[in-house]
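Asker: dropping a prediction and its sequence here:
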Amino acid sequence: LISNPRIQDIMMSRIWFLWALFAIQFVTFPFCMVIRLCRNGSLKTQSLWAWLGGHVIFEITVVVVFEVQMKIGKNGRPWWVAAFPLATTLVILLFMVGSYLHSNSQGKSQLGHCLKVLAVLTMGMSSFLLAVHEICPIPHCGEWDSLSVNTAQAVVLVVICYLTGFLVTESLDSIEAVLSGPPLAGMAVTAYLLSSYWPVFTFWGEQFIRKNAWLITYQEVEVYPLSPVSVETPERMPGGMGPAWAIAKMWFWMFAMLLFGKGFCNHEVHPFLHRHITQSSIVVFIIHRLLDVHFSRSLKDAGMDRPEHMVMVLIVLVFVCSFAIYALLVQVPIIAFCFGIRDIDLSKNILPFCPGQKTDKVEMKVEDPRTMPSDADPNGHLPADTESNRGTVNVMVP
């Protein structure tokens, strides 16, 4: 990649999520606007139906593009395309009804809460529709093929996970109202402590594991045999059982980590540490892969042959340099804004062609009705003997 960089290599590298998240947010923006308008109770506005129409156009476009580029229907995997339109349509319907019940009951409808939670579960469970069909196996579809029929399954699964997270954010009040009783944090701890007792959710079926675009899944036939016996009579994982287990494992550990974090990690240890550790995560993630290759080569050329020594030195060097680069980026407002580190202060000159907006503060005296004497006339005028008792409030107006 470094000696002969190609566009497809860069797009499919570890920074794929940067352009992928932008693309996902762009194409799912109509769906997000429909959910947001429903949550705000704007069920009878023209903008709601306009965004709903935009979402329908997007769904049709997805079906056409996937069929033209990847021949999903021709390869006998129609559910990989049908899962997303079916899920989003049902979710919008459930969210509309739940929001309608809320608007008529001032947010006190338990049925409305349940329907919104059901909408979140529907979006998440729709991912199992992607397990109806088996993964195109090796060697017909290679693990490193950047564009194959399997790519459609990976793309739709990532979009479903993204929209599930968005729905959770939009339905937090309903989720808390429905799930306020069960000991969720204790359930997460139990999942971690007893994880060794259910290998199907940890490391199971390793001979079937393969890469699918950016994800890890299972295929029907063995990728490599575990014993000489399986070479003669290879084991098989029938149908979509492999992708179904992969998706189940994903949701299981995702919710276990979320519940554990909400129960035991949802507090700020120190403001300085919290601010810089969270803000630097994206910078460290991107930068560290640009450094460790060069550092490892330099250490090897310097005569460091012990792998354990090289790993320890690499960890220190890479993290120190990554955080140093983060500290430099923080000093440049426009770059810090691009990395999501902080907002741009429009009152300062951040660029020569983008002058800051000056704000002139003027002190004004405004009548405070709470201190207005009772003998004032309707226009606020007081008798001469009480004029000095008039209440005022100092306000700084930009």
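Answerer: All right, it came through fine. Numbering: from 1, shown residues only.

Asker: okay, CA-based contacts and neighbour counts for the rest of this
Answerer: Fine.

Asker: quick one: Lys211 is in a strand?
Answerer: Yes - judged by DSSP: H, G, I helix; E, B strand; the rest coil, Lys211 forms part of a strand.

Asker: pLDDT at the residue lying closest to it once chain neighbours are set aside, what is it?
Answerer: Spatial nearest neighbour of Lys211, chain neighbours left out: Glu143 (5.1 Å); criterion: Cα to Cα, 6 or more residues apart in numbering. You'll see Glu143 listed with a pLDDT of 72.

Asker: where does Glu143 land in three-state SS?
Answerer: With three-state DSSP as the criterion, Glu143 reads coil.

Asker: could I get the phi/psi values of it?
Answerer: Main-chain torsions, Glu143, degrees, to the nearest 10: phi -70, psi -30.

Asker: quick one, what contacts it?
Answerer: By Cα atoms under 8 Å, 6 or more residues apart in numbering, the contact set of Glu143 is Arg210, Lys211, Asn212, Ala213.

Asker: 7 Å instead?
Answerer: Residues in contact with Glu143 (Cα atoms under 7 Å, 6 or more residues apart in numbering) are Arg210, Lys211, Asn212.

Asker: kindly report the same for Met123.
Answerer: Per Cα under 7 Å, 6+ apart, neighbours of Met123: Ala87, Val91, Ile160, Thr164.

Asker: now do the host helix or strand of it: distance to the chain's middle.
Answerer: Assigned by DSSP states H and E, Met123 falls within helix 110-125. How far helix 110-125 lies from its chain's middle: 19 Å, per Cα atoms, centre = their mean, to the nearest Å.

Asker: other SSEs contacting the following helix or strand past it?
Answerer: Of the helices and strands lying after helix 110-125 in sequence (DSSP H and E), the nearest is helix 149-170. For helix 149-170, the packing partners by 3 or more Cα pairs under 7 Å, 6 or more residues apart in numbering; DSSP states H and E come out as helix 79-104, helix 110-125, strand 209-212.

Asker: can you tell me the SS state at the nearest residue to Ser103 once chain neighbours are set aside?
Answerer: Using Cα to Cα, 6+ apart and skipping residues adjacent in sequence, the residue nearest Ser103 is Gly41, 6.1 Å away. Three-state assignment for Gly41 (three-state DSSP): coil.

Asker: could you find the closest non-adjacent residue to Cys161?
Answerer: Nearest one to Cys161, counting by Cα to Cα, 6+ apart, is Gly124 at 6.8 Å.

Asker: what's near enough to touch the one you found?
Answerer: Contacts for Gly124 (Cα under 7 Å, 6+ apart) come out as Ile160, Cys161, Thr164.

Asker: buried only: go through those for me.
Answerer: Ile160, Cys161, Thr164 (16 or more other Cα atoms under 10 Å).

Asker: from those residues, pick the one nearest Ser298.
Answerer: Comparing the buried ones among the contacts of Gly124 against Ser298 with Cα to Cα places Cys161 closest, at 40.1 Å.

Asker: remind me, longest helix of this structure?
Answerer: For the chain, the helix with the greatest residue count under DSSP state H is helix 271-301.

Asker: name the residues of that helix that are buried.
Answerer: By 16+ other Cα under 10 Å, the buried positions in helix 271-301 come out as Gln279, Ser280, Val283, Val284, Ile287, His288, Leu291, Asp292, Phe295, Ser296.

Asker: packing partners of it?
Answerer: Using 3+ Cα pairs under 7 Å, 6+ apart, the elements in contact with helix 271-301 are helix 307-330.

Asker: contact partners of the helix it packs on?
Answerer: So helix 307-330 is contacted by Ser280, Val283, Val284, Ile287, His288, Leu291, Asp292, Phe295, Ser296, Met304, Ile335, Ala336 (Cα under 7 Å, 6+ apart).

Asker: try stretch 153-160
Answerer: Stretch 153-160 has contacts (Cα under 7 Å, 6+ apart) with Ile24, Trp80, Phe84, Met123, Gly124, Ser127, Leu130, Asn212, Ala213, Leu215.

Asker: quick check: the fifth one vs Val132, distance?
Answerer: The reference is to Gly124. Distance of Gly124 to Val132, given as Cα to Cα, to the nearest Å: 15 Å.

Asker: again, but for Ala336
Answerer: 44 Å.

Asker: ok, now Leu121?
Answerer: Distance, Leu121 to Val132, by Cα to Cα: 18 Å.

Asker: and the residue nearest to Ser103, how many neighbours does it have?
Answerer: The number of residues packed near Gly41 is 17, by other Cα atoms under 10 Å.

Asker: one more: Thr45?
Answerer: Number of residues near Thr45 (other Cα under 10 Å) recorded here: 10.

Asker: and Lys249, by the same measure?
Answerer: Lys249: 15 surrounding residues under other Cα under 10 Å.

Asker: in a strand, it, correct?
Answerer: No - judged by three-state DSSP, Lys249 forms no part of a strand; its state is helix.

Asker: mind checking pLDDT for it?
Answerer: Here, the pLDDT recorded for Lys249 equals 84.

Asker: give me the three-state assignment for Glu268.
Answerer: Using three-state DSSP, the three-state assignment for Glu268 comes out as coil.

Asker: what's the closest non-adjacent residue to Val283?
Answerer: In space, Val283 is closest to Tyr326, 6.3 Å off (Cα to Cα, 6+ apart).

Asker: ok, that neighbour - how many residues close by?
Answerer: Neighbourhood size, Tyr326 [other Cα under 10 Å]: 22.

Asker: per-residue pLDDT, it?
Answerer: 87.

Asker: any idea how far it is from Leu317?
Answerer: Distance, Tyr326 to Leu317, by Cα to Cα: 14 Å.
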